[in-house]
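> Generate coordinates for the sequence data below:
(chains A, B and C)
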Amino acid sequence: MPELPEVETIRIGLSQYIIGQTIKDVDILWSKFLSVEQVNSAVIGQTIKGLERRAKVLIIALSNDYSLLVHLKMTGQMVLVLADGERFAGGHPTDSMAADLPDKSTRIVFAFAGGDKLYFNDQRKFGWIQLLPTVEVLTHELVGRLGPEPLTNDFTLTGFSKVVKRHPGSPIKAVILDQSTVSGVGNIYADESLHLAKIHPAVKAGDLSGAQIKRLHAAIKTIIAAGVEHGGTSFAHYVNALGGKGDYLDNARVFNQTDKPCPVCGTPIIKIRVAGRGTHVCPKCQKAPR
DNA sequence: CACTTGACCTGTCCGC
DNA sequence: TGCGGACAGGTCAAGT
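Reported below is the predicted structural model:
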């Protein structure tokens, strides 16, 4: 679920609470990668030095020069419950953000020396946490093959244009969902970006004009920046065990807006399937390929 | 090689 | 109410 804006919102939110905290204990209820041995030898007793993000991956740097990498995939959540009961949560929106934890979706629990607890919840078990030496993080295959961050200068029109032309037969939506093209764009922001650029998601990448590629490049930057600005689509703020949401989806142009009017022309939004994913388009603003 | 589909999991919603 | 199937904001591996 979480795309770049959601993960960035989680990073910013968690940073102020967990940086400097010492991990007293880790309880692994289920894990794909992180093992009890790793936790015992390189996590417990360490202090959190920093919290970074690369695309949709959260990187928790520890004082012993190891890092914990977290990928939330579709349904992952990070929920911080402070010793006084208040909480801070981000990820897939479910009731468990406000429920008593651990619950049946809780996979890993980090307990801090001061009494705060950080829960990694993930209903579908697609997400993971793994441990790597910090020096290997950026070159590891998990993040080393990711394309440029959309909000940095690394994401150039020239580079984007080259990648688009390299996949002439793929629907353009598939190209921008590919994390090696531009990292951090997922299904929501792909639909939003394509609508802003007035490009139909099923158009073959090779059929796009230079002007269209330029519009899409700009649209991706605009849409991702707006997502970060709004705190993502699904986010429980730091409030008394209540939760609440990031408000991006309230302002979504097309995503999840089936049958609602297009914000540009008023035509009802339709839902189709492109590149194996549910896809929302305005049939008037985004001309279907023939 | 380029591109598409299935698999990974659990849960929910929708039609019969 | 029960049951089957489709689908869910991600990413790989395997298939055509």
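> who in chain A is up against DNA strand C?
Chain A comes close to DNA strand C at residues A:1-3, A:6, A:55-56, A:71, A:73-74, A:92-93, A:124, A:126, A:142, A:177, A:179, A:186-188, A:232-234, A:249, A:273, A:276-278, as judged by CB under 7 Å from any atom of the strand. For glycine as for every other residue, the C-beta is placed from the backbone atoms N, C-alpha and C.
> and the gap between the residue nearest to A:Asp207 when sequence neighbours are not counted and A:Ala205?
Nearest non-adjacent residue to A:Asp207, counting by CB to CB, 6 or more residues apart in numbering: A:Pro289, 6.8 Å away. Between A:Pro289 and A:Ala205 the computed distance is 11 Å (CB to CB, to the nearest Å).
> Neighbour count: those two, which is higher?
Between A:Pro289 and A:Ala205, counted using other CB atoms under 10 Å, the more crowded position is A:Ala205 (22 against 12).
> pLDDT score assigned to the residue of the stretch 51-200 of chain A found nearest DNA strand C?
Of all residues in the stretch 51-200 of chain A, A:Gly186 sits closest to DNA strand C, at 1.9 Å by CB to the nearest atom of the strand. Listed pLDDT for A:Gly186 reads 96.
> Can you tell me how far it is from A:Ile108?
Distance from A:Gly186 to A:Ile108, counting by CB to CB: 23 Å.
> between these two, who's got more neighbours?
The neighbour comparison of A:Gly186 against A:Ile108 (other CB under 10 Å) goes to A:Ile108, with 23 against 20.
> isn't that one right up against A:Val26?
Yes. Using CB atoms under 8 Å, A:Ile108 is in contact with A:Val26, at 6.7 Å.
> what distance separates stretch A:276-290 from the centre of its chain?
Centre-to-centre, stretch A:276-290 and its host chain are 23 Å apart (CA atoms, centre = their mean, to the nearest Å).
> Endpoints of that stretch, how far apart?
With CA to CA, to the nearest Å applied, stretch A:276-290 spans 19 Å between its terminal residues.
> buried residues in it?
Within stretch A:276-290, the residues scored as buried using 16 or more other CB atoms under 10 Å are A:Thr279, A:His280, A:Val281, A:Cys282, A:Cys285, A:Gln286.
> from the residues you listed, which single one is nearest A:Ile199?
Ranked by distance to A:Ile199 (CB to CB), the buried residues of stretch A:276-290 are led by A:Gln286 at 6.3 Å.
> Ignoring the adjacent residues along the chain, who's closest to the closest one?
Nearest residue to A:Gln286, sequence neighbours excluded (CB to CB, 6+ apart): A:His200, at 4.2 Å.
> ranges for the strands of chain A?
For chain A, the strands defined by DSSP state E occupy A:23-28, A:48-54, A:57-62, A:66-71, A:76-81, A:87-91, A:106-112, A:117-122, A:128-133, A:235-239, A:270-274, A:277-281.
> can you list the domain ranges for chain A.
A:4-145, A:157-237+A:250-281 (automatic domain parsing).
> Just the pLDDT for A:Ala89.
pLDDT, A:Ala89: 76.
> List, one by one, the residues from chain A near DNA strand B.
So far as CB under 7 Å from any atom of the strand goes, chain A lies against DNA strand B at A:104-105, A:123-126, A:166-171, A:174, A:205-206, A:275-276.
> Which of the residues you listed fall within helices?
A:Arg166, A:Ala174 (DSSP state H).
> Now the buried members of the residues of chain A next to DNA strand B.
Buried among the residues of chain A next to DNA strand B by 16+ other CB under 10 Å: A:Ser105, A:Gln123, A:His167, A:Ser170, A:Pro171, A:Ala174, A:Ala205, A:Ala275.
> Would you confirm that the second one contacts A:Thr106?
No. With the criterion set as CB under 8 Å, A:Gln123 and A:Thr106 do not qualify as a contacting pair; they are 10.1 Å apart.
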